[in-house]
Every structure is written in C-alpha cells, then in structure tokens.
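Engineer: Sharing a model prediction with you, sequence too.
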Amino acid sequence: MRQLFVTGAHTDVGKTYVACAMLRAARAKGLSVAALKPAVSGIDPADWTDSDPGRLLAAMDRLLTLAELDAIAPLRFAAPLSPPMAARLEGVDLRISALTEFCRAGLAASAADLMLVEGAGGVMSPMAEDGTGLDLMLALGLPSVVVGGSYLGSISHTLTAIETLRSRGLPIAAVVISQSGEPDAPDFAQTVASVAAFAGEVRIVAAARGDEAWASALV
Ligand SMILES: Nc1ncnc2c1ncn2[C@@H]1O[C@H](COP(=O)(O)OP(=O)(O)OP(=O)(O)O)[C@@H](O)[C@H]1O
Ligand SMILES: C[C@H](N)[C@H](N)CCCCCC(=O)O
Ligand SMILES: [Mg+2]
C-alpha cells in the first residue's frame, strides 16, 4: 500500500495530469486506487466533470456523481483563487484542521494499493486561512510526488519546492517534470537535465506531453 501527496512547484504545472496518469497506470497493473482533493477552487458547481476531482474520478473509473464528488472533494469553491481566498468569497472560514481531518480519515479508511492526495497550487500556496500546502503535508507526513513544469522559470520553481520539502524533513518519492504546453518553452530534455543536476539524490521522471509510459514505470 502506497500513499503519496501530489504537490507542485506552481499552479497549473500538471499535478492532476500526473496524478491521473499514475492512477490509470496503477489500474492497468491490476492495483486498487484512491484519490483525495481536500480543497478545490476554480470549480463550477454546474459543470465540474473536467475539474480536478472530476478528472481524478474518471481516472479511477468511478462514476461522475455528486456523491462520488463529495467523497473525494467535499470542500469546493468557485473562484479560481487560492482555496482560502475562494472560500472567503463564499463566507467560509477555511481551516487547516478541516483539511487535515478529512485527509486523515480518508487515508485511514482506505486499503487501496495506491492512494494519492492532490494539493492546490504550489508547495506553499495557502490551503486554508491558517496553513499552506506545506503545513498540510507536515500534518499528514506522506512522501510526496513533486510536479514541476518546463516553462521558462520552472527550474528554479522546481528546485525551490524540493529544497523547501527537504528543509522540513519531508520525504520525496519522485520529482515529475511535466512538459509545459507553451510552444516557446525551453528544450524539455535540457530542462529535465538541469533539474537533475541540482536536485541531489532524488528520482527525476520526465513526463513528455502525450506520453504516459513514465507513469507505468513509476507506480
Ligand atoms: N505532460 C503533460 N502532457 C499533456 N498535458 C499536460 C501535461 N502536463 C499538464 N498538462 C495539461 O496542462 C493543464 C494543467 O495541468 P493540471 O490541471 O494537471 O495542473 P495542476 O498542477 O493540477 O493545476 P492546479 O494547481 O489547478 O491543481 C491541463 O490541461 C493538463 O491536462
Ligand atoms: C485555481 C487554481 N487552478 C488552483 N487550484 C489554486 C492556485 C492557488 C495558487 C495560490 C498562490 O500560490 O499564489
Ligand atoms: Mg490540479
């Protein structure tokens, strides 16, 4: 049984993409899977199938029903902002204890071979009024999968995320560099090599666009 926290160097780098690829790869090997998205912002309550929890449910081959959505992502907010800022707009005072308790209960109740918890934004994006993603990771103590991109600036973002986790003693299971979509992004292979050159002892995985073979090797 493996339980991992999927965190990122930035928002929109590919955390959900990577999590879904890992869930699909695990299922293809006959493993049971589970996923949680403790707080989600930028979700349209009337059209959520392509949201993070909607994509995670589809990758797990679970039904796209409200009950399933509630089970993996009960704290949902419409504004595409950090979760506490989005929650505030809806009059909700989001606290880290709510996220921690939800995750702990879900992790304890699951016997899945692979269980993933996806954060929001980057390592230190606020998750609640009183805590960042890092605080949630420290509370849960899970090894993380750190997802970085390959846009210009991503090398520093990824290395900074790695350093931050290390400085707090959090184990890193793997760093996945998910190729950014910008046509003018720097060379992908060189970007992955640059991260590897400065990241120290950690597994670095290159997730080129349109290729999910890396996920099968990782899970
Ligand atoms: N390696 C890749 N190949 C193809 N598409 C990708 C890849 N990485 C990311 N994407 C696409 O880029 C977009 C942003 O990725 P994604 O939604 O996974 O980011 P995220 O880090 O989960 O963002 P958020 O902070 O909102 O949770 C999505 O449309 C996703 O499918
Ligand atoms: C709405 C968006 N897609 C993410 N889920 C939330 C990103 C929060 C980032 C906050 C920050 O670090 O400045
Ligand atoms: Mg996501």
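Structural biologist: On my side now, so go ahead. Ligands and ions are numbered 1, 2, ... in the order given.
Engineer: From Asp52, how far off is the one residue in the chain that gets nearest to ligand 3?
Structural biologist: Per C-beta to the ion, Thr16 is where the chain lies closest to ligand 3, at 3.3 Å. In this view, the C-beta of every residue, glycine as well, is placed from N, C-alpha and C. Noted for Thr16: a distance of 5 Å to Asp52, by C-beta to C-beta, to the nearest Å.
Engineer: between the two, what contacts are shared?
Structural biologist: Both Thr16 and Asp52 are contacted by Glu118, under the criterion C-beta atoms under 8 Å, 6 or more residues apart in numbering.
Engineer: Near the closest residue to Leu31 other than its chain neighbours, how many other residues are there?
Structural biologist: The spatially closest residue to Leu31, leaving aside those adjacent along the chain, is Asp113, at 3.8 Å (C-beta to C-beta, 6 or more residues apart in numbering). Using other C-beta atoms under 10 Å, Asp113 has 16 other residues around it.
Engineer: What residues are bridge-paired with Thr132?
Structural biologist: As for beta bridges, Thr132 partners with Pro126 under DSSP bridges.
Engineer: show me the contacts for it.
Structural biologist: Residues near Thr132 by C-beta under 8 Å, 6+ apart: 123-126.
Engineer: which one of those is nearest Val195?
Structural biologist: Taking C-beta to C-beta as the measure, Val195 lies nearest Val123 of the contacts of Thr132, at 14.9 Å.
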